[in-house]
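*Asks:* Model the following, please.
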Amino acid sequence: MLSTRAATLPSRVAVARKVVVAGQRQAGLAAVRRRDNLSVRSLQSVAQTDRDTITRLLYSLGTKREVERHLRIFSSSSHPSQPAKFAVIKIGGAVLDDLEELALSLSFLYRVGLYPVVLHGAGPQMNDILESEGVKPEYIDGIRVTDAKTLHVARRVFLEENLKLVGALEKLGTRARPITSGVFTATALDPAKYGLVGKITRVDKRPLEASIRAGALPILCSLAESNDGQILNVNADVAAGELAKELEPMKIVFLNEKGGLFHGVTGEKLDVINLDEKPWVKYGTKLKLREFKELLDVLPRSSSVALFTDSGAGTLIRRGYKLLKHQTLESIGKDRLRQIICERDEGIRAGKESVAGVLSALENAKPGEWSIYADEPLDAVAIVSHPKGETPVLTKLLASRAGVLNAVLDNVFNALKKDHRQLIWTTSISHLLGHGRVERAYLPLGPRKAQLGGARSTAGLLSGPWIHGQALTSLLNAHPYLSLTHVSSRVLEGYPLEEYTKSPITHTNLSVGDVERMEKEGEVDAWVMALPNGVCKPFVDAVERGSKGKEGESSVVVDLGADYRFEEGWTYGLPELYGRTDIRASKRISNPGCYATSTQLLIAPLLPYLSPPSWPTVFGVSGYSGAGTITQAPEGSSGGRPVTLPKVTPESLAGGVRPYSLTDHIHEREAGWHLSRLLPTPTSASGEVSTPNVQLAFIPTVGSFFSGILSTLSFPLSTSKLGAADIASLYASYYAGEKLVRVQKSVPTLGTCTGNMGPQRGERVVVVGGLDNLLKGAATQCLQNLNLVLGYEEYAGIVVD
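*Replies:* Model prediction:
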C-alpha cells in the first residue's frame, strides 16, 4: 500500500530521481528545438512531463486508484486559494551539509505539484565560524545567547545557506524563492539573559503564498524583525511551530540527522505515535512530545508532525484517537457497528452476506472468543475470531478513507501483531485478482525470529544479592523474544518475582543438581549467572555435565561476575571493542565489569598514541549500588518478604565519597589484560613475537548517589600534534555506528551517563566518560551478548536513545 507519508520521505523517491532528471533533460532539449514556442506554456509542459513520468513510476509501487487518490489529496493542499496548506518542512543545519540529496527530495515534491514551505536552521555552520573566530557558543535553557557579533555571524550564515539551497534547487529546474525577512515579527525574549533573541508575535504568510502562486518553493530562515527594525535570532524549531500555527498545514516535518523517537523500553524507533495513547517514552523525549502536542492541539486533527532523517527514516506524530479493544457489542455500540459494516463491507454491498448474520455470529459466540479493534471514531475496524485452541482469524477489516490516509489502519495492525503471534486473514479470490496484488502480508504476525520459523528463547537467572540481576529482569520483561522461566535466589525462595509481568515466576533455590538436570532436559536456552565472585563455577560445571547428556547444543552461559574474565575458552563480551563474530559463535561469555567497561571504552581509541613507560591513569566515581546489597528481614515484623538494602548507604558516606581498593583493583587488571589485545604485536630481532601488556593506574571511589559511573582518564600521548578537534574526531570515528556510545563535547553528568570527550592540546589528553553501572556496565551488556549469541538483533529489548 502506498503510504500517505511517501510525499515527505526522501527514501521513497530514490528510484524516481534519475527518471526525473532524464525527463527534465529530454523536455529541455525539446524546448530548444521549438525556440519559437519557448514560453510559459513550454515551461508548464516540462513540469507536466515530469509529473506524468513520476506518476507512471508511482503506479509501479501501488495501484492506480491509490496513486491517484494520494496525488489528488496532496495536490489539493496547494490550491491557489490556500497555497501553503501542504507542509511546513524544518531542515536542521546538519542536513544542509548533504545539499544534493536534500535538493533532489524537495525537487521531487515540486514536480508532482506539491509546494512545501521550507524553513532551515544553520546551527552547526554558525558554531564552526564562531569557534574559528575565537567565540565560544553559549546556551542558556537550550537557547543560543546572541550578542551583536553572534547575530552578525548568524545573519551572514543564514543568507549563505539559504542561497546555497535555492541555487541547488534552481540547478535541478525547481523554482525557489529566498525569503530571509518580512515573515516573522518578534519582540526581544529577555535581553538581559539571552541578548538579541526574539519571541515571535506575528507571522505574515503573504510572501509565502505569493511565492507558491508564482510557482516557486519559499525558502525561509529563522530570523525575525522587531517593530523598530531590529533583527532578532529565533530558534528554528520554534519558528517552524509558529509558522505551522498560522498556515495549518497537513504535515509538519522536522528533518534532522537523528530523526525519530524511540520506545522507552525496547529502544526501537517508533514509526507512528498517537498522542492520545501516551506512548512509553523517556526523559527529554517526553518534553519533545509535549511541545508537539501543544502545537497539534491548535491545528486541525488531520495535521501531523513528522521527524525524519535525510534518509527518510523517522516517526510520524499525530493527535490520533485512542485505539480500543472491544469484546462486547455494547462497548462498541451495536448500531454504530451495523452502520460501519453496511457502508464499508464489500460482501455486504454485493449481497453475499447480511449484516444481521455478522452481528448474530458475534452475539452467539462464547464470551472471549472474538475481539474488535477500533479507534474512537471507527475509522478503522478489525474483527478477530479467536476461539480457544484455534488459530485466530481476521474476519473483517473495514477502514474509511480517513483511516487509510491517517494511517489508523497501520495502528490497528500493530495492535493485532502485539496480541496475535499468528493470524489468518481470509478474503475473496476475486478481490485479490481484481487488485492484481496482495496489499498487506502480515502472515504470520509476530516477532522477526518467529516469522523465520524459530521459537522464542528462554533464560534461567541465578542471582545473588546484586542489583544487576534486578536490572536485567526489568530488561527481559520488555524483550520481544527472550523470556525468563526460572529465577534462583536462596534468600527469596518462595516469593514471587514482582518486577516481571510476562508470566508468573516464583523464586526457587536451584541446587547444582537441579541445574544439571534442567540443562540435560533442555529447559532453558541460556543461563545468566548474576552471582558473587567465586560462587559461579559449580553451576557452570553442572551446565557442562548436563550438556553432555542432552540432544542438541549446550545452552549459553553468560557470567556477570569476574570468575571467567581471564579464562581461556570464554569469550569476553564487549562488542564495541572486540567484535561481534566471536560472541555469536560462543556458548560461554564473560560479561565485563562496570568500571572495566568504562575504562576500556575511554582508552581504546588512544592506544596508537600510547607512550610507555608513561601509562594512563583513570579516576572513577561510582554510585553505591555498585558495592552490592545485603538482604535482611523487614523491620518490625517476625516474618514477611526479606528486604534488599545496599551494603554502602548514603548515610555512611555522609554525603561525600570514599576511595577503596586503591591498588590492584580487579577491574584495573581486567582492563589492562584485554586492552593488550588491541595493541600490535612487535617482533624482536631474533624473530620472537612479544605480546605487550597495557598497564594503567586505577583509583576507584564510591559516591553518595545510587547509580552511574563518572571516569576521568589522563592519557600521556606519544605526540604533541593532536589538538582537541583531532581527539574528538578520533573518538567519533572509532565509535561510529555504535548505538550505545555517544561522543560529545560537554562534560558528562550522572543524568547522561554516556561516553563523552573533553580533550586538550599537548602531550597529555584528559577524557571524561559516563556509564550506567547497572545497565551498560552489567545488564544491558549482558543482553547485548545474549541477543548476539541467540541470533537476535543486538539491541532488541535495549533502550537506544
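*Asks:* Nearest residue to residue 425 in space, please, no chain neighbours.
*Replies:* residue 394 (4.3 Å; CB to CB, 6 or more residues apart in numbering). All C-beta spots, glycine's among them, are computed from the backbone N, C-alpha and C.
*Asks:* again, but for residue 781
*Replies:* In space, residue 781 is closest to residue 591, 5.7 Å off (CB to CB, 6+ apart).
*Asks:* so what's the one you found up against?
*Replies:* 558-560, 573, 778, 781-782, 785 (CB atoms under 8 Å, 6 or more residues apart in numbering).
*Asks:* what does residue 780 give?
*Replies:* By CB under 8 Å, 6+ apart, the neighbours of residue 780 are 475, 740, 772, 798.
*Asks:* do that again at 7 Å, thanks
*Replies:* 475, 798 (CB atoms under 7 Å, 6 or more residues apart in numbering).
*Asks:* Kindly report the same for residue 510.
*Replies:* Residue 510 touches 462, 486, 488, counting by CB under 7 Å, 6+ apart.
*Asks:* before we move on, back to that, taking the contacts of residue 591 one by one, which sit in strands?
*Replies:* For the contacts of residue 591, the ones inside strands are 558-559, with DSSP state E as the criterion.
*Asks:* of all the contacts of residue 591, which comes closest to residue 153?
*Replies:* Among those, residue 781 lies closest to residue 153 (CB to CB), at 43.2 Å.
*Asks:* what number of residues lie near the closest one?
*Replies:* 28 (other CB atoms under 10 Å).
*Asks:* Would you map the strands across the stretch 401-550 of the chain?
*Replies:* Along the stretch 401-550 of the chain, counting by DSSP state E, counting those that start in this stretch, strands occupy 424-425, 457-463, 482-488, 526-530.
*Asks:* if you compare the ones you listed, which one is most tucked away?
*Replies:* Of all these, strand 526-530 carries the top mean neighbour count, a mean of 26, counting by mean count of other CB atoms under 10 Å.
*Asks:* With only the CA atoms kept, save it in CSV.
*Replies:* The C-alpha coordinates for strand 526-530 follow below in CSV (Å, rounded to 0.1, in the frame of the first residue of the first chain):
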residue,chain,number,x,y,z
ALA,A,526,20.5,-19.5,28.2
TRP,A,527,21.8,-19.3,31.8
VAL,A,528,22.7,-15.9,33.3
MET,A,529,24.9,-16.1,36.4
ALA,A,530,24.5,-13.0,38.5
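*Asks:* ok, it: who's next to it in the sheet?
*Replies:* With DSSP bridges as the test, strand 526-530 is paired with strand 457-463 (parallel), strand 556-559 (parallel).
*Asks:* And residue 211, how far from residue 112?
*Replies:* Residue 211 is 18 Å from residue 112, where distance means CB to CB, to the nearest Å.
*Asks:* related to what we said a few turns ago, tell me the backbone dihedrals of the residue nearest to residue 781, please.
*Replies:* Dihedral pair for residue 591: phi -80, psi 130, per degrees, to the nearest 10.
*Asks:* Quick check: the gap between it and residue 118.
*Replies:* Look at residue 591 and residue 118: by CB to CB, they are 48 Å apart.
*Asks:* Check residue 676 too.
*Replies:* Distance of residue 676 to residue 118, given as CB to CB: 53 Å.
*Asks:* Which of these two has more residues huddled nearby?
*Replies:* residue 118 (28 against 15).
*Asks:* Which pLDDT value goes with the residue nearest to residue 719 when sequence neighbours are not counted?
*Replies:* Spatial nearest neighbour of residue 719, chain neighbours left out: residue 609 (6.1 Å); criterion: CB to CB, 6+ apart. If you check residue 609, the pLDDT there is 88.
*Asks:* my guess is residue 609 contacts residue 721, does it?
*Replies:* No. At 9.8 Å, residue 609 does not count as touching residue 721 under the criterion of CB atoms under 7 Å.
*Asks:* Between those two, which is the more surrounded one?
*Replies:* Set residue 609 next to residue 721 and count neighbours by other CB under 10 Å: residue 609 wins out with 17 against 9.
*Asks:* residues contacting the more buried one?
*Replies:* 717-719, 722.
*Asks:* of those residues, buried ones?
*Replies:* 717, 722 (16 or more other CB atoms under 10 Å).
*Asks:* Tell me which two of the contacts of residue 609 sit farthest apart.
*Replies:* 718 and 722 (9.6 Å).
*Asks:* And the strands in the stretch 151-300 of the chain, which stretches?
*Replies:* Remark: strands assigned in the stretch 151-300 of the chain by DSSP E, counting those that start in this stretch are 176-179, 184-188, 198-203, 217-221, 223-225, 231-233, 251-255, 261-262, 269-270, 272-274.
*Asks:* Give me the distance between the helix or strand hosting residue 769 and the centre of its chain.
*Replies:* Assignment of secondary structure by DSSP states H and E places residue 769 within strand 764-771. Put simply, strand 764-771 sits 26 Å off its chain's centre (CA atoms, centre = their mean, to the nearest Å).
*Asks:* Summarise which helices and strands it is packed against.
*Replies:* In terms of contacts (3 or more CB pairs under 7 Å, 6 or more residues apart in numbering; DSSP states H and E), strand 764-771 is packed against helix 594-603, strand 709-716.
*Asks:* I'd like the mean pLDDT over that strand, please.
*Replies:* 78.
*Asks:* hang on, the earlier thing: how about the strands of the stretch 151-300 of the chain in CSV, adding distance to residue 507?
*Replies:* Formatted as CSV, these follow (distance: least, CB to CB, whole Å):
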stretch, distance to residue 507
strand 176-179, 66
strand 184-188, 61
strand 198-203, 57
strand 217-221, 61
strand 223-225, 62
strand 231-233, 59
strand 251-255, 47
strand 261-262, 32
strand 269-270, 34
strand 272-274, 37
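*Asks:* The ones you listed: which one's closest to residue 744?
*Replies:* Using CB to CB, the strands of the stretch 151-300 of the chain put strand 261-262 closest to residue 744, at 17.8 Å.
*Asks:* per-residue confidence averaged over that closest one?
*Replies:* On average, strand 261-262 scores 62.
*Asks:* swap in stretch 527-537?
*Replies:* Stretch 527-537 shows a mean pLDDT of 87 in the predicted model.
*Asks:* Likewise for stretch 568-586?
*Replies:* Stretch 568-586 comes out at a mean pLDDT of 89.
*Asks:* And for stretch 382-394?
*Replies:* pLDDT averaged over stretch 382-394 gives 86.
*Asks:* how far is it from where the chain is centred?
*Replies:* Worked out by CA atoms, centre = their mean, stretch 382-394 lies 33 Å from the chain centre.
*Asks:* The longest helix anywhere in the chain: which residues count as buried?
*Replies:* Ranked by residue count and defined by DSSP state H, the top helix of the chain is helix 148-171. For helix 148-171, burial by neighbour count (16+ other CB under 10 Å) applies to 150-151, 153-155, 157-159, 161-162, 165-166, 168-169.
*Asks:* swap in stretch 709-718?
*Replies:* Residues of stretch 709-718 classed as buried: 709-713, 715-717 (neighbour count, 16+ other CB under 10 Å).
*Asks:* which one of the residues you listed sits closest to residue 420?
*Replies:* residue 709 (42.2 Å).
*Asks:* my guess is the closest one contacts residue 774, does it?
*Replies:* No. Using CB under 7 Å, residue 709 is not in contact with residue 774; the gap is 9.8 Å.
*Asks:* which residues of the stretch 551-700 of the chain fall in helices?
*Replies:* 575-578, 581-584, 594-603, 650-653, 666-675 (DSSP state H, counting those that start in this stretch).
*Asks:* just the angle between the last one and helix 594-603, please?
*Replies:* Using axes from the mean of the first three to the mean of the last three CA atoms, to 10 degrees, the direction of helix 666-675 lies 40 degrees away from that of helix 594-603.
*Asks:* Give me the packing partners of helix 666-675, helices and strands only.
*Replies:* helix 594-603.
*Asks:* Could you report the neighbour count for residue 541?
*Replies:* Other residues close to residue 541 by other CB under 10 Å number 13.
*Asks:* can you check residue 538 too?
*Replies:* 11.
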